[in-house]
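Peer 1: My questions concern the predicted model and sequence given below.
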Amino acid sequence: MKKKQRREFGIFRYIDRSSFVHDIWAGTKIVILTLVSIAVTSFVNWPTLCVMTGFVLIVFIFAKVPIRAIPVPPAWIVVLVLISGIVTGIEAGGKPYVHFGRVVVKLGGVETFFEFALFSLDIIFLLMIVGWTSKLGEVSSSLARILKPFKKVGLPIDEVVATLSLSIRAVPLVIDEIKTISLVEKQRRKHRPAFEDAKRVKDVFNEGIDMIIVAITSCLRRATEIGEAIEARGGYSDVVGLSKKLSRKDVFALFFTLLVITTMGVFYLVRI
Amino acid sequence: MNVKDSKIHSTKSDLVGMKKKVQKLTASEVAEAALLGDLALGLQVVGWLITVGAALQWVSVVPFALIYVRNRLRALVMSAVSVIMLSFLLGGVTLIFQVYLAASIGYVVGKAYMNKKKGLYVVVFSVFYGALPVAILGDLLLYVFTNARALTLKQFEVGWVGLGRFISLIGKGVQYIGQIMGYHKGSTNGGLASFGSIFNSSGYSISKFGISLTSPAKWVIIHWWFVFPLSLIVSIMLMAMVMNIFSKPIVKRVIKDFSQPNKSMLALSAEVGIGENEADESKVIRPVPLSLNEVTFFYEGQKSPALFKVSLEVNDCELIGLIGRNGSGKSTLGKVIAGVKPMLGQVIRSGEVGLGKKFGTSMVFQRPESQILGSQVEDDIVWGLSEEEVDKIDIDFMLQRVGLSGFRKRETSKLSGGELQRLAFAACLARSPSLIISDESTALLDASGRRDVMNLIAAIKSENVTVVHITHISDDLNYLDRYIQLSNGQVISEGKGLELPTATNGATSLKGSTLVVSAPQLTVQDNKNQSLPNDDGMYEVSHAHSINNQIGEKILSARNIGHVHGAKSPWEKRALIDINFDIFESDGLLVVGKNGSGKTTLAMILAGLLVPSEGEIVWYENGEKTDTVSAALVFQHARLQLINKTVYDNLMPYDKSASQADISEVLQVVDLDPGYFINREISTLSGGELRRVAIASVLIDKPKLIVLDEPLAGLDVEAARKVSSSISALREKGTATVVVSHDLEYAQALGIKVLELEDGAVFNWHDVKDLYDSVSIRDER
């Protein structure tokens, strides 16, 4: 009866702390994230990855986010991935060779495996830190700010920003809805017959369709109401959001990021 | 059919229109693009997290298809662009590609649906719009980022070659074992020897197979620019085929349910208004004073007019109430005042209506969460304002005016209904309107929220703003300068505030409702000590809270229930601590408390949908402990609980175990006429009827306990009364009920014993009768 509770984790779930990273404007964080990701993708090799990892760790420390926030997949998955990575890596071979007495282990494949893993994890981890330290609501207004200059080029930024800010606003509503539907399904599951004959499989399939339709109709109904509310406010012609001046912390963070990127670039060119 | 045809037609004319001048998205198109886009993204993310999720990721094509079918390509593009930006933050580059693929296939599926094209069309164009761009862009990225490409391909090679060699190694091992066995050939054991040779040969072929795996890997790595697009195209072709089959019935049904064009009356009038504005800019915005002369309004397809020869005047700085029952035409009248053109009669104004404009008209609607447009409080206030206007606004002052000081950076999704409504008023005030139309803004609030909003309205009026307050709640009358009462689209009485409308047909309901509005207040300090559960002995505690007078059989006891959400994570939050009680047959427990006091968590635990992290719920049958949980939850959002099309389908359990008679019986319990309701479609039911059908749908299993989460939230007075009497009917039939509510108006019908929670702990136990003794309240009937 009693099930072990899985530790919760959060994609873009704010952790309420006061820290240097929390104080940086969400827009700055998004810019930094984009720049660093592009840099590491262009320069990736061992030295640059080490610089990147160092950067991510520094950001993590200054974000004062508890280690418990990091989502850990079930142990068996980690073990499986590690073992398969190491086994296939050893079998694939390649330099460097390590000698244990008579036995020669060719570590090239293992090296590649870890390099690749570190490369993926670094970017994901940085993404998660941004999520833990910024409120989704703040992201919406900062994206509006970032996109605003593109209006001069003639892009329909008003519509993009209006849609984007509304969709960010509606995220909690939609999450709530999906949660409720999954609970409803859980309650109804008691009666679900086993997947024995084809007709019942079809019933279950139809039930699935019904659930999607319910989610969609509920979204549409809400959209109608929201549309009316927009009209009542005189349309969305100018979704500008509040202006935001960059603080010293933002400038420092941007400066530090540029420094890190330059270091990566140097390491890449010198190829130590 | 007709709908579909007209849709095609309108799309074509849209396209023609677009060539002339690109039309910006309308408000409802933006809203639909945002909401359905969110749903698609939600399906994608959930698909990532759960094991069978791949199917859900495919399903996310459907919302995109629907955006296209119901609106324009432009709406779909905007939706895709904003969802892609959002998905970059949620899941990085991979999610971007997935969302793009879903949106592009959605476009093709939608187009095929409207033009009645075959599956082949979908497959071909999905490749063209979906797979090809991604393939080309992907190749380009791989080409540009040389190092990342080299690393990815190297890892691919390591994985593949390594696997091949590993298999080959196993083969060699098997071969070796076989050879060892073979050494015994000459000896007595012939069987072992023959096994040995089988091992030998099979090991040899496994090893061969392993090695053979490694050679294509090298080929793939050299020809990555070709293999990557090819595999993408093949998988997209498969996906498109499946999606075409899958999405057709969904799109068809949703289109049928939402056959009316989504444009609200307000949207139409706003468009007209914009046109007029452009014609003569000089016209001043001045919505009041205003006079209506014999205004008549028809809705399409309705026999009787919504408004018939209504005449009235609205002056500067007054607080007018439009009152009447549901369907009396009061909301329509509000919309005419807001600028919707009537069919007949005159509307004489001093200037332009100026909906949402400075010194113009502002509106506050019924549903709190769907009229708040910003994610943070401050964003909501400035939403839609121009840059110059934003610079001039003192947000802190606006918030102070509506009593939300210090809420500036709060997230709107965490506010209560009353707070949201006050925020909606703040957003109105930011436009310094001269007329505010409050369309049932108090209808969905509890008593205290309603008081706050009415006080606010009165304060706004005293600042020289005219307020038209539409309501069916008679307590609101106390705040009004005067009221106009409507029935069947006609004015039946007028009067000053405070004095009640005379007894006519429409008024009886109003009189009825006056009796329920003075909600009892929980007086907590007085009897707190005497009714707190004592710490010794489970039996005593449960005895103290055995809830019914004529005790039936005990069905469950909650023992030291506690729950922590997100245990051991940074989001850890205690929801419940040490809750004890027993529930008997025909029992009624009413759980009350503020937002976030743990009510809903307790409801989920009792219904068996959540395993508590501490303590347990023990179920009894004939006095013996049992493992069978016999409980069901009626969700707050009843529409989501009734997932099938008709009432009958929803009442019939999954395994078709109920008979027609069973279904009629449960409908009668909730006081719905089976003959009339059994074949009704869910989408045609009113809010109160939905709730009652939801109750019936869990009743069909004959559970011993029915848990209802906020069963009266969002219902008008009449519907709330009917639902609450259905709940007390459940208890008369022997079912125990647990009702979670923050509203005490109907406490008598909702429970027998009241459990008040605060911060997850038992704050107090009350008897419903005590609640009513302390407050003088007249009987409802």
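Peer 2: Right, received. Where do you want to start?

Peer 1: For the strand or helix carrying A:K179, buried residues please.
Peer 2: Using DSSP states H and E, A:K179 maps to helix A:157-189. Using 16 or more other CB atoms under 10 Å in any protein chain shown as the test for burial, helix A:157-189 gives A:157-174, A:177-178, A:180-181, A:183-184, A:187-188. (C-beta placed from N, C-alpha, C; glycine too.)

Peer 1: Considering only the residues you listed, which also neighbour chain B?
Peer 2: Among those, proximity to chain B is found for A:158-160, A:162-174, A:177-178, A:180-181, A:183-184, A:187-188 (CB under 8 Å from any CB of the partner chain).

Peer 1: any idea which residue sits dead centre in the chain?
Peer 2: Chain wasn't specified; assuming chain A. Centroid check for chain A by CA atoms, centre = their mean gives A:L127 as the closest residue, at 4.9 Å.

Peer 1: try chain B instead
Peer 2: Judging by CA atoms, centre = their mean, chain B has its centre closest to B:H637, at 7.2 Å.

Peer 1: Give the helix, strand or coil label for B:K625.
Peer 2: Of the three states, B:K625 takes strand under DSSP: H, G, I helix; E, B strand; the rest coil.

Peer 1: Tell me where the stretch 1-150 of chain A has strands.
Peer 2: A:97-100, A:103-106 (DSSP state E, counting those that start in this stretch).

Peer 1: Tell me which helix or strand B:E756 sits in.
Peer 2: strand B:753-758.

Peer 1: Any buried residues in that strand, and which?
Peer 2: Of the residues in strand B:753-758, those buried (16+ other CB under 10 Å) are B:753-757.

Peer 1: between the residues you listed, which is closest to B:L477?
Peer 2: B:V754 (29.0 Å; CB to CB).

Peer 1: so how far is chain A from that closest one?
Peer 2: Per CB to the nearest CB, to the nearest Å, B:V754 is found 26 Å from chain A.

Peer 1: Tabulate the buried residues of strand B:753-758 (TSV), appending pLDDT.
Peer 2: Compiled in TSV, those are given as follows (pLDDT from 0 to 100):
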residue	pLDDT
B:K753	88
B:V754	90
B:L755	90
B:E756	88
B:L757	89
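
Peer 1: is chain A contacted by the strand or helix carrying B:F226?
Peer 2: Per DSSP H and E: B:F226 is located in helix B:224-257. Yes - applying CB under 8 Å from any CB, one finds helix B:224-257 touching chain A at B:246, B:249-250, B:253-254, B:257.

Peer 1: Please apply the same query to stretch B:677-696.
Peer 2: Yes - for stretch B:677-696, a contact with chain A is found by CB under 8 Å from any CB, at B:S683.

Peer 1: now the end-to-end length of that stretch.
Peer 2: 12 Å (CA to CA, to the nearest Å).

Peer 1: Repeat that for stretch B:749-759.
Peer 2: Stretch B:749-759: ends 26 Å apart by CA to CA.

Peer 1: And the helix holding A:K179, what does it pack against?
Peer 2: Under the contact definition 3 or more CB pairs under 8 Å, 6 or more residues apart in numbering or on different chains; DSSP states H and E, helix A:157-189 sits against helix A:136-147, helix A:198-232, helix B:27-49, helix B:73-114, strand B:631-634, helix B:638-641.

Peer 1: burial of the residue of the stretch 1-150 of chain B found nearest chain A, as a residue count?
Peer 2: Residue of the stretch 1-150 of chain B nearest chain A, by CB to the nearest CB: B:S28 (3.2 Å). Around B:S28 there are 26 other residues, counting by other CB atoms under 10 Å in any protein chain shown.

Peer 1: got a pLDDT number for it?
Peer 2: Note on B:S28: pLDDT of 86.

Peer 1: ok, residue 168 - contacts?
Peer 2: Went with chain A since none was named. By CB atoms under 8 Å, 6 or more residues apart in numbering or on different chains, A:I168 lies in contact with A:136-137, A:139-140, B:86, B:375.

Peer 1: wrong chain, I was asking about chain B
Peer 2: B:206-211.

Peer 1: downstream neighbour of the strand or helix carrying it in the secondary structure list?
Peer 2: According to DSSP H and E, B:S168 maps onto helix B:146-182. Counting by DSSP H and E, the next helix or strand C-terminal to helix B:146-182 is helix B:190-222.

Peer 1: between that next one and helix B:146-182, how big is the angle?
Peer 2: Counting by axes from the mean of the first three to the mean of the last three CA atoms, to 10 degrees, helix B:190-222 lies at 170 degrees to helix B:146-182.

Peer 1: Pick out the residue of the stretch 101-250 of chain A closest to chain B.
Peer 2: A:G234 (2.4 Å).
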